[in-house]
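>>> Need a 3D model of the sequence below.
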Amino acid sequence: MGKKKLSILICSLTTRQKLLQRLLYRLRPQLTDEIEIIYELDHGQMEIGVKRNRLLRKATGKYISFVDDDDLVSYHYIHKILKAIESGPDCCGITGIMTGGKYPGKFVHSLKYNKWYRKGDTYYRPPNHLNPVLRTKALKVGFPPVNKGEDRTFSERIKSSLKSEKFIKAPIYFYLRERIGPSVINSVSVRGDFSLRIRMRIANLKDSACGVVINDSIFGFQGKHTGKTFLEGSVFNGQKFSVSTGTLMRNGRRFTLKVKRKKDDLFFSIDGKFLFGVKYKKDKLKVGLR
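Got it, this is the predicted structure:
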């Protein structure tokens, strides 16, 4: 079938096949003849850096990008990358959303940045394994045969060889951080077409957050609670919006997610049907489901 334009590479484990299938379920509807997905499964005997190098050697695409098996990508992930690589850049700059974890927020990986740092709720990085890059350049530097930090080493090795970039403005990558300590509440509620999962982190009044995942996607709300006010500029399906309404698609239907603020509380509903509320009470954020 000839050389592909893009190889999407995924490292996984036999014990994580459900996560892998969730990711493939998101990617496969986006596939074209110009794309290949290659994944490497083992029982954990190989270092992650070794697996990444094996995938690089197997790839036939002009460009490669890695996706971690416990993360997700947007529904236009492949389309956005194909459009970006039309001009033949060395790499593509990307934007992504982090949900959960100690510091929920956004990340930007671009040639504009020479170091790793955080400012506000945004993490800035030079290109790493998540960025689409020319396969020839990735092969030259490769990954160290280790289980931790191989991504940062790869980033440091490759950045000097990357001279041109096409930046993808829309968020295309969703970094899901699940294991974030006892301050998190995980709840599941099924409302017709929707499966709802809530993640909360309660640090203090000036640094608390609530994230919502609907149908394993980063639809939903992610915002900080400062004092008694939820800030504007929350994340909805990878886009910023004031805390009010947003739209999501499911089975070809368009639904409206509404976030209503009443004093210190937030109430979430889909097409007028109540889903849950987030209450601020006695220095704590609490979730209530119906």
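
>>> pLDDT at the residue lying closest to N128 once chain neighbours are set aside, what is it?
Of all residues not flanking N128 in the chain, S155 sits nearest, at 3.9 Å (Cβ to Cβ, 6 or more residues apart in numbering). The C-beta positions use only the backbone N, C-alpha and C, and glycine is treated the same way. You'll see S155 listed with a pLDDT of 97.

>>> Could you list the low-pLDDT ranges of the stretch 101-250 of the chain?
Within the stretch 101-250 of the chain, the ranges that satisfy pLDDT under 70 run 101-104, 177-250.

>>> at 50 instead, please
178-191, 200-209, 215-243 (pLDDT under 50).

>>> Spatially nearest residue to I81 (excluding sequence neighbours)?
Nearest one to I81, counting by Cβ to Cβ, 6+ apart, is P132 at 5.1 Å.

>>> so the one you found makes contact with I64?
Yes. With contact defined as Cβ atoms under 8 Å, P132 counts as touching I64 (7.1 Å).

>>> now the helices for this structure?
Taking DSSP state H as the test, the helices found in the chain are 17-27, 48-58, 77-84, 135-141, 150-158.

>>> Tell me which residues of the fourth one come out buried.
Within helix 135-141, the residues scored as buried using 16 or more other Cβ atoms under 10 Å are 135, 137-138, 141.

>>> and the two most separated of the residues you listed?
Largest separation among these by Cβ to Cβ: R135 and V141, giving 11.5 Å.

>>> returning to that earlier point: for the residue nearest to N128, what are its contacts?
Applying Cβ atoms under 8 Å, 6 or more residues apart in numbering, we find S155 in contact with 125-129.

>>> again, only this time at 7 Å
If you count contacts by Cβ atoms under 7 Å, 6 or more residues apart in numbering, S155 has them with 125-128.

>>> ditto for G44
Counted by Cβ under 7 Å, 6+ apart, G44 has contacts L13.

>>> Please report phi then psi for it.
phi 100, psi 0 (degrees, to the nearest 10).

>>> What's the end-to-end length of stretch 26-45?
Using Cα to Cα, to the nearest Å, one end of stretch 26-45 lies 28 Å from the other.

>>> Okay, buried residues for it please.
Buried residues in stretch 26-45 (16+ other Cβ under 10 Å): 26-27, 30, 34-40.

>>> so what pLDDT did K18 get?
On the pLDDT scale, K18 is placed at 87.

>>> What number of residues are in the vicinity of D71?
21 (other Cβ atoms under 10 Å).

>>> Same question for V133.
Neighbour tally, V133, other Cβ under 10 Å: 26.

>>> Equivalent analysis for L23, please.
Neighbour tally, L23, other Cβ under 10 Å: 23.

>>> OK, contacts around I168?
Per Cβ under 7 Å, 6+ apart, neighbours of I168: 80, 84, 92-95.

>>> The same query, at a cut-off of 6 Å, please.
80, 84, 92, 94 (Cβ atoms under 6 Å, 6 or more residues apart in numbering).

>>> picking that back up, between P132 and I64, tell me which one has more neighbours.
Between P132 and I64, counted using other Cβ under 10 Å, the more crowded position is P132 (31 against 27).

>>> Distance of W116 relative to L82?
28 Å (Cβ to Cβ, to the nearest Å).

>>> So for the two, which residue has more residues nearby?
Between W116 and L82, counting by other Cβ under 10 Å, L82 is the more crowded of the two (17 against 14).

>>> Next one: the more buried one, what pLDDT does it get?
Per-residue confidence (pLDDT) for L82: 98.

>>> ok now do it, which residues does it touch?
No contacts exist for L82 under Cβ under 6 Å, 6+ apart.

>>> mind giving me the domain split of this protein?
6-177, 187-289 (automatic domain parsing).

>>> List the backbone torsions phi and psi for the residue nearest to I81.
phi -60, psi 120.
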